[in-house]
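Engineer: just coords:
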């Protein structure tokens, strides 16, 4: 004779992955490494922004880049003259996940970085659903993409901390309003910080770098103030 | 998003529950999804049908509960549902809102069949 029993769970199916990401985030914070997940459509200027960032710091800051692409190591080759870089070739995968990040980290042979950038696969959809243990999620929007994009990709903008409007040198030539784009994004995520940059000319790069430096200092202060080590140093993914 | 891998994870979690509870079989798996869970219902159900037979959950039914995207206003405390991804409080127009539901894919509960212990004579 069989009976039916109901087992109550009420748990996020991805709870274990999220716990793992939170643990890694905490460990990075303890080591003083600010992890930045950089996301955008293909061709919005993620690699260019990281090149400009590395040039701005010019070895004054220890940064490394994990760069994800479906194929080729072109982005890694571009960044290699400036900083340690590991190419994560995903085959067909349209986003990065933590095991790929871990594998990439192993290739560095050191974890002594102040800033670890994870340049995600160009895609405004799937990467939004994957916590890579980052402290900051940064979404780029280039001015040629149109200022109506944030509302079309709500999960990406909702879960981001920063929006970077890129290719600002093209503003005179395209019908793009920085204010309209940022306002649209803030309807989705009130707390978004915004930067407008041109990586080619370096416009706005200093302010972006200063923000990263301040965020890292704040992270270190939070991590050392955190009395209970089980607390995540910073909750990056807004709800 | 990636319904196939989510379903794989779901079925593995439910299979473990079945083993932990010494169950015979799984009858019903109830899950919850919302507008920001990154899950498309039709693709979820297809992925479930494709995978369930090859697991300890074979024969189980998937029940999907769709919930709205819900939020609480950080300024006035009003609780409301977010329509068309406009994260704006209907009471005070504040955009400082915290999402409280509808952004996850949750396993709610599972009905399993267990063998009743033989009654002592």
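Structural biologist: Arrived safely. Model, not experiment: these values are computed from the prediction.
Engineer: Just give me the longest helix of chain A.
Structural biologist: In chain A, taking DSSP state H as the definition, the longest helix is helix A:205-225.
Engineer: residues in contact with that helix?
Structural biologist: A:26, A:29-30, A:32, A:34, A:36, A:49, A:52-53, A:56-57, A:61, A:114-115, A:135-136, A:162, A:164, A:193, A:195, A:197, A:199, A:233-234 (CB atoms under 8 Å, 6 or more residues apart in numbering or on different chains). For glycine as for every other residue, the C-beta is placed from the backbone atoms N, C-alpha and C.
Engineer: go on, stretch A:9-18?
Structural biologist: With CB under 8 Å, 6+ apart as the test, stretch A:9-18 has contacts from A:98, A:131, B:6, B:9-10, B:13, B:17, B:31, B:104-110.
Engineer: out of these, which are buried?
Structural biologist: Buried subset of the contacts of stretch A:9-18 (neighbour count, 16 or more other CB atoms under 10 Å in any protein chain shown): A:131, B:6, B:9-10, B:13, B:17, B:31, B:104-110.
Engineer: Please identify which of the residues you listed is nearest to residue A:5.
Structural biologist: Checking these against residue A:5 by CB to CB gives residue B:110 as the nearest, at 8.9 Å.
Engineer: Need the three-state assignment for that closest one.
Structural biologist: strand (DSSP: H, G, I helix; E, B strand; the rest coil).
Engineer: Now it: closest residue in space, sequence neighbours ignored.
Structural biologist: Closest residue to residue B:110 apart from its sequence neighbours, by CB to CB, 6 or more residues apart in numbering or on different chains: residue A:7 at 4.8 Å.
Engineer: and the one you found, that's in a strand?
Structural biologist: Yes: per three-state DSSP, residue A:7 lies within a strand segment.
Engineer: Point out where the chain drops to low pLDDT.
Structural biologist: Went with chain A since none was named. By pLDDT under 70, the low-scoring segments of chain A are A:227-239.
Engineer: please go with chain B instead
Structural biologist: For chain B, applying pLDDT under 70 flags the ranges B:1, B:117-121.
Engineer: Show me the strands in it, by range?
Structural biologist: B:25-33, B:61-66, B:69-73, B:79-82, B:97-101, B:106-115 (DSSP state E).
Engineer: so who does the closest residue to residue A:156 other than its chain neighbours touch?
Structural biologist: Leaving out its chain neighbours, the residue that sits closest to residue A:156 by CB to CB, 6+ apart is residue A:128, at 4.2 Å. If you count contacts by CB under 8 Å, 6+ apart, residue A:128 has them with A:39, A:153, A:155-156, A:159, B:38.
Engineer: ok, of those, which come out buried?
Structural biologist: Buried, going by 16+ other CB under 10 Å: A:39, A:153, A:155-156, A:159, B:38, out of the contacts of residue A:128.
Engineer: Which ones among these map onto helices?
Structural biologist: Reading helices off the buried ones among the contacts of residue A:128 with DSSP H, I get A:155-156.
Engineer: possible to save the buried ones among the contacts of residue A:128 as CSV with distance to residue B:67?
Structural biologist: Listed next are the buried ones among the contacts of residue A:128 as CSV, based on distance: CB to CB, whole Å:
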residue, distance to residue B:67
A:39, 26
A:153, 21
A:155, 16
A:156, 21
A:159, 18
B:38, 14
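Engineer: Tell me which two of the buried ones among the contacts of residue A:128 sit farthest apart.
Structural biologist: A:39 and B:38 (14.2 Å).
Engineer: Quick one: name the residues of chain A near chain B.
Structural biologist: Residues of chain A lying close to chain B (CB under 8 Å from any CB of the partner chain) are A:1-14, A:125-126, A:128-129, A:151, A:154-155, A:158, A:186-191, A:238-239.
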